[in-house]
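Asker: structural data only, the sequence is not supplied:
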């Protein structure tokens, strides 16, 4: 349950959403927990402007303003669920292989305990180890990937197979997502070649370019996603650069012409009824933000994602 504002101020700590901290000294710290928020302070995989390693601290601070009751959904998120702050994953900051191993291990422990991980990056390379761990518990997933970019790059551009533009390539090639169940939403901007989408389209996946999202509307799109996903376990991977930099300036890879903040929140809210088993929020760079605009939006997106779990708890599948 969320602490009161007075309790939060009194102890002087800054957990996500004023939630209790998981007792990591216990042998099974995530037992009897529904959701665990996990910070991953890394940006060693960025190819443009770094800074996303600072996002977990920024999001913890601003998330204190988010209250428990979701008036639109009609559910009290932090009373319906047992949610905890699982701290940050610790690893040498420039060792990306160590980061992947550490994230996979911690997410696996959360998933085996029956809880849903909400991973706060960090750059988007954190999605791969998270999905690997969830696949080991749940099998092939459906993935809703909200992003300006496909993230199916290979090592040809930068000579590196594991930067923040590569996680969806590995997820497809490793069979972690069910064929036809990867949904790229908000894609826009220039490509390096005409066949950039070949990998994901050859696997029968779906690309919703930003113009299609705008013309169809997010309510209709969300309904289509719910229908196509059905009761499969679904993972939400949200890169903050999916949102137009006018609304979310705090990211290292801004691309004009993206989702509005209202569209982004409605898109996540519109997934109510899916079987969400985890989510990530990535690529928020606080030092590039203005007046915490992007951080506040990021906290709201996490809250919307957790509300999907709360709705399932209250109303059932």
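Answerer: Arrived safely. Quick caveat, the model's predicted, so the values are computed rather than measured.
Asker: and the helices in the stretch 151-300 of the chain, which stretches?
Answerer: With DSSP state H, counting those that start in this stretch as the definition, the stretch 151-300 of the chain shows helices at residue ranges 167-173, 198-202, 210-216, 218-229, 261-269, 293-315.
Asker: so how far is the first residue of stretch 249-256 from its last?
Answerer: For stretch 249-256, the first and last residues are 10 Å from each other (C-alpha to C-alpha, to the nearest Å).
Asker: where in the stretch 201-317 of the chain is pLDDT low?
Answerer: For the stretch 201-317 of the chain, residues meeting the criterion pLDDT under 70 lie at 317.
Asker: go again with 90.
Answerer: For the stretch 201-317 of the chain, the stretches flagged by pLDDT under 90 are 312-317.
Asker: what's the answer for the stretch 1-150 of the chain, then?
Answerer: Within the stretch 1-150 of the chain, the set of residues satisfying pLDDT under 90 comprises 1-13, 93-94.
Asker: just the strands from it, written as ranges.
Answerer: Listed from the start of the chain, the stretch 1-150 of the chain has strands (DSSP state E, counting those that start in this stretch) covering 35-40, 69-70, 75-76, 83-88, 116-121, 141-146.
Asker: residues of stretch 28-45 that come out buried?
Answerer: Across stretch 28-45, burial judged by 16 or more other C-beta atoms under 10 Å covers 29-30, 33-45. Backbone N, C-alpha and C define where each C-beta goes, glycine included.
Asker: isn't residue 232 right up against residue 277?
Answerer: No: counting by C-beta atoms under 8 Å, no contact exists between residue 232 and residue 277, whose distance comes to 9.5 Å.
Asker: which of those two has more neighbours?
Answerer: With neighbours defined as other C-beta atoms under 10 Å, residue 232 and residue 277 compare such that residue 277 has more, 20 against 17.
Asker: any idea which residue sits dead centre in the chain?
Answerer: The central residue of the chain, meaning the one whose C-alpha is nearest the mean C-alpha position (C-alpha atoms, centre = their mean), is residue 280 at 1.8 Å.
Asker: skipping adjacent residues, who's closest to it in space?
Answerer: What sits nearest to residue 280 in space, not counting adjacent residues and going by C-beta to C-beta, 6 or more residues apart in numbering, is residue 119, at 4.1 Å.
Asker: ok, the one you found - how many residues close by?
Answerer: Other residues lying near residue 119 total 31 when counted by other C-beta under 10 Å.
Asker: kindly report the same for the one 4 residues further on.
Answerer: By other C-beta under 10 Å, 31 other residues sit near residue 123.
Asker: could you tell me the end-to-end distance of stretch 24-31?
Answerer: Distance between the boundary residues of stretch 24-31 (C-alpha to C-alpha) amounts to 11 Å.
Asker: scratch that, stretch 27-40 is what I was asking about
Answerer: The first residue of stretch 27-40 is 21 Å away from its last residue (C-alpha to C-alpha).
Asker: what of stretch 180-193?
Answerer: With C-alpha to C-alpha as the measure, the ends of stretch 180-193 fall 23 Å from one another.
Asker: show residues contacting that stretch.
Answerer: Here stretch 180-193 makes contact (C-beta atoms under 8 Å, 6 or more residues apart in numbering) with 140-150, 157, 168, 171-172, 197, 200, 203-211, 213, 221, 225, 228-229, 232, 242, 255, 257-259, 267.
Asker: centre of the chain to that stretch, how far?
Answerer: 17 Å (C-alpha atoms, centre = their mean, to the nearest Å).
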